[in-house]
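Peer 1: I'll drop the sequence and a predicted model, then ask my questions.
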Amino acid sequence: MTVTYVIDGAEVTGLDRFWQVIGAAVNGPGGYFGNNLDALADCLSGGYGTPDDGDFTIEWRRPDLSRRALGHEETVRTLQRRLERAHSTGKAAVQARLDAARAGRGPTVFDELVQVIEETAPGVLRLG
């Protein structure tokens with residue numbers, strides 16, 4: 001039997017809030033289901049609240065609201081934080097992404113989250 005976890009796009013007001021919303025959806029209030037893209041991929045791979053057989057769906061309702069909240073403005077904020085922590089060998093790449101995001105170009109935080117979910121757990125995500 002497929003377990004469905006629901007994310008309400010209206011509750012996703014930024015990336016930090018996304019981690020809280022998905023954590024609560026999967027593991028109840030205050031629950032954990034990642035706090036960065038790598039951790040999200042790990043959680044999607046199993047052992048962090050989803051069924052052992054992998055039979056689950058993430059239903060992201062009103063994704064248009066999340067798409068706006070996790071758009072280029074939030075992407076700029078997120079990339080600025082990454083740039084502060086980036087190793088010297090990776091700073092140029094992060095800076096290039098940051099410059100693009102400031103210009104309203106390139107993938108957004110929303111796009112990255114969707115990509116990680118779709119690549120790590122194909123067929124799990126339902127937008128809408």
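Peer 2: That came through, no problem. Numbering: from 1, shown residues only.
Peer 1: which parts of the chain belong to which domain?
Peer 2: Following automatic domain parsing, one gets these domains for the chain: 1-69+109-128, 72-107.
Peer 1: so where do the helices sit in the protein?
Peer 2: 15-27, 37-44, 63-69, 72-85, 91-102, 109-120 (DSSP state H).
Peer 1: how about those, which one is nearest residue 51?
Peer 2: Nearest to residue 51, of all the helices of the chain, is helix 15-27, at 10.5 Å by Cβ to Cβ. Every residue, glycine included, has its C-beta placed from N, CA and C.
Peer 1: tally of neighbours for residue 23?
Peer 2: By other Cβ atoms under 10 Å, 20 other residues sit near residue 23.
Peer 1: likewise residue 31?
Peer 2: Neighbours of residue 31 (other Cβ under 10 Å): 14.
Peer 1: returning to that earlier point: turn the helices of the chain into CSV, columns for distance to residue 2 and mean pLDDT.
Peer 2: Below are the helices of the chain laid out as CSV (distance: least, Cβ to Cβ, whole Å; pLDDT from 0 to 100):
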stretch, distance to residue 2, mean pLDDT
helix 15-27, 14, 97
helix 37-44, 15, 95
helix 63-69, 20, 98
helix 72-85, 31, 97
helix 91-102, 36, 97
helix 109-120, 16, 97
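Peer 1: which ones are touching the residue sitting nearest the centre point of the chain?
Peer 2: The centre of the chain sits closest to residue 113, judged by Cα atoms, centre = their mean, with a distance of 3.3 Å. Contacts of residue 113 were listed using Cβ atoms under 8 Å, 6 or more residues apart in numbering, and they are 18, 37, 40, 70.
Peer 1: pretty sure residue 58 sits against residue 127.
Peer 2: No - counting by Cβ atoms under 8 Å, residue 127 is not a contact partner of residue 58; they are 9.4 Å apart.
Peer 1: look at the two and report which has more neighbours.
Peer 2: Per other Cβ under 10 Å, whichever of residue 58 and residue 127 has more neighbours is residue 58, with 21 against 16.
Peer 1: partners of that one in the sheet?
Peer 2: Applying DSSP bridges to residue 58 gives these bridge partners: residue 5, residue 125.
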